[in-house]
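> Give me a 3D structure for the following:
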Amino acid sequence: MTKLKEIPCPLPVPPSWNKRQSFVILGVPEQRYSAPSYPGAAPKKSLGSVHCSFFFPPSYISTHHWHLFCCVTPDDEQPKELEALMKLRTRFSLLAVGAAVITAAIVFLAGLAIQGAMVDRFAQAYLRDKEVLWNKIVSTHLSRMALAAPNLTRDDGILQALQDGDTAMLAASVDDIFDLLGDEVLTRIAISDPRGRIIYASDHHLATNAENLLRRALEGTEALRGMDAGEKGEIVAAVAVPLMFKGQLIGVGIFESDLQEALRELAESDGSSAFLLLANGRVARSTEAGLFDRLELEPPAPGERRLFDKGVEGRYFSLALLPLKDLEGRPVAHLVTAFDDTEAIQHQHRLELATAFAIALGLGLAIWGLLRYLRQALAPLDALAESAERLGAGETGVRVEVRGDDEVATVGRAFNQMAQKVEDLIEAERQRAEDITGKVELIEEVVEMAANGDLTGEIMIYRDQDVIAELADGIRTMLQSLNNLVARIQQSGIQVTSSATEIAATAKQQEATAAEQAATTHQIRATVTEISATAKELVNTMNEVTDVAIRTSEQANQGRSSLDRMGETMEHMMEATGNINAKLAVLSEKAANINTVVTTINKISDQTNLLSLNAAIEAEKAGEYGVGFAVVATEIRRLADQTAVATWDIEQMVKEMQSAVSAGVMGMEKFSTEVRQGVEDVRQVGAQLAQIIEQVENLIPRFEEVHEGMQSQAQGAHQISDAMVQLAESAQQTAESLRQSNGAIQQLNDAARQLQDGISHFKVANTG
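As a prediction, the model looks like this:
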């Protein structure tokens, strides 16, 4: 059984209904239910899942079926879109929470971006400071080695030994200088010949890591200094000084520093650890070799420059990575510094946690404030929604309290006006339904009386020219015609019955007389005078019978004409029924036009929804300046939704009206069928009367024959004595004719009796 939802109906319940019949639930096709008996027909009885508000017995359509009209709507036909949508409060709350979260996220991300930019600027500044400090330290060391260069260029012994190729003398002289100048900065002195071949080294390793610097010094006459890396990739700070003897280049003196002292000075400047990382990832120099192993750094890319943090064994280090370049600007190594920044980083972490907590707390307070404000702002809308639900449930007296003069107050006033109009409309429909029900009940009583044979009922003449009034006029005309017809048929039947009875008695008497004549032919001669007198009486009687038969035929013809007029009246009723069907079709067409208007309203509602959605989007883009506009857009969208619901209700009511019109059309068609059957019955009665007329007309010649026989008997009475044989034959023929006449008269009497029985149950009005 389909689950149905009750919608209250305004029509009353007549107190006389107390029947158990089948009924049909409108709006639920192809489902029939058994109606229980309701003493007094109390309204709003429940049949399973069906709630019925009133009964309506359309006996003017059929007296064998009762229809239960229930204002019901299946639950599965309710607008699922409204049930699927969230409440306005929830949507606003989610919108507010989302806005607050997005704002907090934007603030947080902006803070992270600003912090990242600040950290990046700090890193760049820190790296620049480190680079400047390193370059300064290296420049200082190069300057110190450059100051030691004249000890080679001005020592005649060294120059002469180099010119003469005396390596022993050269080594002794340079060793003395190295012993004199050697310290933490100057770690090595080497001498090359003009071809660039190392012929002396203080560490006795005849090679140099300043090959590029050496090659460029051989090409010029000025001292060169800078950092360089040899074939093995060992980076050094070096000063290359051309050695000239009598204006001729005889070699190059190279002062080298392994940069260990520079690393130490750099590390001592800020308390960090410093490392020289070669291109192959190997550590060339360091101030704390074990720390670098624990850091487990990946080999940097050539020229990579950055500042980053690294955690090792519960400690946090700030690592600076700077590329070191040779004279040609090529990156040949990296300078790495590691500063133990554990306390600062832990403090930063605590600060980040505190910041996140503050943001979360502020976000929570903002959300709480927004929800509290929305709860207060949407309270009138909740009241309006509750009132709308109560109005939709049938409580037409519901009203909302209107405060202020904002949009919500405007909607509240509009709702109150709508509720008042709905209540007035329902009251008007209830009054109209009561009026229609009363008219139909009066017509029903008259029709039931006519169906039971009582044609004395009267139908009121209604002032309003509506369908009910036209139906009442048609039924009133039909009853008047039936009343006249039945009255005439009753009178004719009585006359036919009386005449048939008299004819039957006369025929029986004649038959007895003929029998006596046959049995007493020996007395004919003596009673000729008596027979002659009797024959004259028979002639007179037959004249009367003939006249009665003629009058019966004429009255039967009149009855047939009345039946023809009755058939014409019923055909007029069928035409009136067709007119009613046409008007009901017009009503159905008007209802379809209403459905078209409702569809247009639904489209307008959908467009309004789209416009309000666009307005809400624009309001969201406007930020806090569009908050009020967003509320208005949301209210417009909600009103559009309510308009869609209202138009859907109107569409359902129009569908119910169309169903009722369809039921009326079916009822009128059934009424037309019954009228058509009545016409057929009238035709059958006319055919029977035609048969009676034919039989009566057939009797007239026979009566004339009997009349002629009686005349013959009267004229030939004086010849009876001479023609006894002829008299016997005539008596026999007369007896046979009388028997035939008796049978015909009996048939006429039976037909008249049947006609009388057929109309005896009709009670006609007293027209006299």
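
> Mind pulling up the pLDDT for Q713?
The model reports Q713 with a pLDDT of 66.

> S387: neighbouring residues, count only.
S387: 19 surrounding residues under other Cβ atoms under 10 Å. Placement of C-beta: from N, CA and C, glycine included.

> distance of it from I254?
Distance, S387 to I254, using Cβ to Cβ, to the nearest Å: 101 Å.

> Got phi/psi on R121?
Main-chain torsions, R121, degrees, to the nearest 10: phi -60, psi -40.

> Number of residues surrounding it?
A count of neighbours around R121, defined by other Cβ under 10 Å, yields 10.

> Repeat that for L181.
Neighbour number of L181 under other Cβ under 10 Å is 17.

> residues in contact with the residue nearest to it when sequence neighbours are not counted?
Counting by Cβ to Cβ, 6 or more residues apart in numbering, L181 lies nearest to A148, which is 4.7 Å off, once chain neighbours are set aside. Listed by Cβ atoms under 8 Å, 6 or more residues apart in numbering, the contact partners of A148 are 177, 181, 186, 255.

> Just confirm S318 contacts E343, I think it does.
No: using Cβ atoms under 8 Å as the test, S318 is too far from E343 to be in contact (11.6 Å).

> Mind checking which of these two has more residues around it?
For S318 versus E343, neighbours defined as other Cβ under 10 Å are more numerous around S318 (19 against 9).

> Surely the more buried one is within a strand?
Yes: using DSSP: H, G, I helix; E, B strand; the rest coil, the assignment for S318 is a strand.

> I'd like the distance between it and A500.
Counting by Cβ to Cβ, the separation of S318 from A500 is 141 Å.

> Same check on H347?
For H347, the distance to A500 under the criterion Cβ to Cβ works out to 136 Å.

> Comparing those two, which shows the higher neighbour count?
Higher neighbour count among H347 and A500: A500, with 24 against 11, using other Cβ under 10 Å.

> got the contact list for that one?
Residues in contact with A500 (Cβ under 8 Å, 6+ apart) are 745, 748-749, 752.

> show me where this structure has helices.
For the chain, the helices identified by DSSP state H occupy 80-84, 88-147, 150-153, 156-164, 167-181, 211-219, 260-270, 289-295, 342-392, 407-451, 467-519, 528-622, 627-715, 724-759, in order along the chain.

> Mind listing what's buried along stretch 115-134?
Residues of stretch 115-134 classed as buried under the neighbour-count rule (16 or more other Cβ atoms under 10 Å) are 123, 126-127, 130-131, 134.

> and which of the residues you listed is nearest N595?
A123 (73.3 Å; Cβ to Cβ).

> I'd say the closest one and R305 touch.
No: at 9.5 Å, A123 does not count as touching R305 under the criterion of Cβ under 8 Å.

> what is the residue lying closest to L266 once chain neighbours are set aside paired to in the beta sheet?
Counting by Cβ to Cβ, 6+ apart, the nearest residue to L266 once its immediate chain neighbours are dropped is A274, at 4.9 Å. On the basis of DSSP bridges, A274 takes part in beta bridges with T337.

> for A274, what are its contacts?
With contacts taken as Cβ under 8 Å, 6+ apart, A274 has the following neighbours: 263-264, 266-267, 286-287, 335-338.

> Would you reformat those residues as JSON lines and include pLDDT and distance to Q732?
Compiled in JSON lines, the contacts of A274 are given as follows (pLDDT from 0 to 100; distance: Cβ to Cβ, whole Å):
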{"residue": "L263", "pLDDT": "87", "distance to Q732": "174"}
{"residue": "R264", "pLDDT": "88", "distance to Q732": "178"}
{"residue": "L266", "pLDDT": "88", "distance to Q732": "173"}
{"residue": "A267", "pLDDT": "86", "distance to Q732": "173"}
{"residue": "S286", "pLDDT": "86", "distance to Q732": "171"}
{"residue": "T287", "pLDDT": "85", "distance to Q732": "173"}
{"residue": "L335", "pLDDT": "88", "distance to Q732": "168"}
{"residue": "V336", "pLDDT": "90", "distance to Q732": "164"}
{"residue": "T337", "pLDDT": "89", "distance to Q732": "166"}
{"residue": "A338", "pLDDT": "87", "distance to Q732": "164"}
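
> Return the member of those residues nearest to E458.
Ranking those by separation from E458, with Cβ to Cβ as the measure, puts A338 on top at 120.5 Å.

> and that closest one, how many neighbours does it have?
The criterion is other Cβ under 10 Å. On that basis, A338 has 24 neighbouring residues.

> gap between it and S272?
For A338 relative to S272 (Cβ to Cβ), the value is 6 Å.

> Between those two, which contacts overlap?
The contact lists of A338 and S272 share no entry, where a contact means Cβ under 8 Å, 6+ apart.

> Tell me who's in contact with the residue nearest to A223 when sequence neighbours are not counted.
With sequence-adjacent residues excluded and distances taken as Cβ to Cβ, 6+ apart, A223 is closest to V241, at 4.5 Å. In this structure, V241 makes contact with 149, 152-153, 217, 223, 252-255, judged by Cβ under 8 Å, 6+ apart.

> what would the residues you listed look like in JSON lines with neighbour count?
Compiled in JSON lines, the contacts of V241 are given as follows (neighbours: other Cβ atoms under 10 Å):
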{"residue": "A149", "neighbour count": "19"}
{"residue": "L152", "neighbour count": "23"}
{"residue": "T153", "neighbour count": "14"}
{"residue": "A217", "neighbour count": "27"}
{"residue": "A223", "neighbour count": "18"}
{"residue": "V252", "neighbour count": "27"}
{"residue": "G253", "neighbour count": "26"}
{"residue": "I254", "neighbour count": "30"}
{"residue": "F255", "neighbour count": "32"}
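
> Return the backbone torsion pair for P299.
When quoted as degrees, to the nearest 10, the phi and psi of P299 stand at phi -60, psi 130.

> thought it was touching G281?
Yes: with contact taken as Cβ under 8 Å, P299 and G281 are classed as touching, separated by 3.6 Å.

> how deep is A576 tucked in, by neighbour count?
By the measure other Cβ under 10 Å, the count of residues near A576 is 21.

> The chain should start at 851 in everything you say after this.
With the count now opening at 851, the last piece we talked about shows up as A1426.

> okay, it: pLDDT?
The per-residue pLDDT reported for A1426 equals 77.

> Against P1152, how distant is it?
A1426 sits at a distance of 109 Å from P1152 (criterion: Cβ to Cβ).

> Can you spell out the domain ranges of the protein, please?
Under automatic domain parsing, the residue ranges defining each domain of the chain are 854-928, 991-1191, 1303-1609.

> Tabulate these in a markdown table, adding columns for distance to E1273.
Putting the domains of the chain into a markdown table (distance: least, Cβ to Cβ, whole Å) gives the following:
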| stretch | distance to E1273 |
| --- | --- |
| domain 854-928 | 10 |
| domain 991-1191 | 76 |
| domain 1303-1609 | 15 |
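
> among these, which is nearest G1247?
Closest to G1247 of the domains of the chain, according to Cβ to Cβ: domain 854-928, at 12.2 Å.

> And the average pLDDT for that closest one is what?
When the per-residue pLDDT values of domain 854-928 are averaged, the result is 38.

> and what of stretch 1250-1257?
76.

> how distant is it from the center of its chain?
Using Cα atoms, centre = their mean, to the nearest Å, we find the averaged C-alpha position of stretch 1250-1257 to lie 31 Å away from the chain's own average C-alpha position.

> do stretch 1167-1187 as well
Averaging C-alpha positions (Cα atoms, centre = their mean) puts stretch 1167-1187 69 Å from its chain's average.

> Just the C-alphas of it, formatted as CSV.
Written as CSV, here are the backbone C-alpha positions of stretch 1167-1187 (Å, rounded to 0.1, in the frame of the first residue of the first chain):
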residue,chain,number,x,y,z
PHE,A,1167,72.8,23.8,13.6
SER,A,1168,72.5,26.7,11.1
LEU,A,1169,74.6,25.8,8.1
ALA,A,1170,75.9,28.4,5.6
LEU,A,1171,77.0,27.1,2.2
LEU,A,1172,79.2,29.5,0.1
PRO,A,1173,80.8,28.7,-3.2
LEU,A,1174,84.5,29.5,-3.6
LYS,A,1175,85.7,30.6,-7.0
ASP,A,1176,89.2,30.8,-8.7
LEU,A,1177,90.6,33.7,-10.6
GLU,A,1178,88.5,32.9,-13.7
GLY,A,1179,85.2,32.9,-11.6
ARG,A,1180,84.7,29.1,-11.7
PRO,A,1181,83.4,27.5,-8.5
VAL,A,1182,86.1,25.1,-7.3
ALA,A,1183,85.0,24.4,-3.7
HIS,A,1184,82.5,25.4,-1.0
LEU,A,1185,82.9,27.1,2.3
VAL,A,1186,80.6,25.5,5.0
THR,A,1187,80.0,27.0,8.4
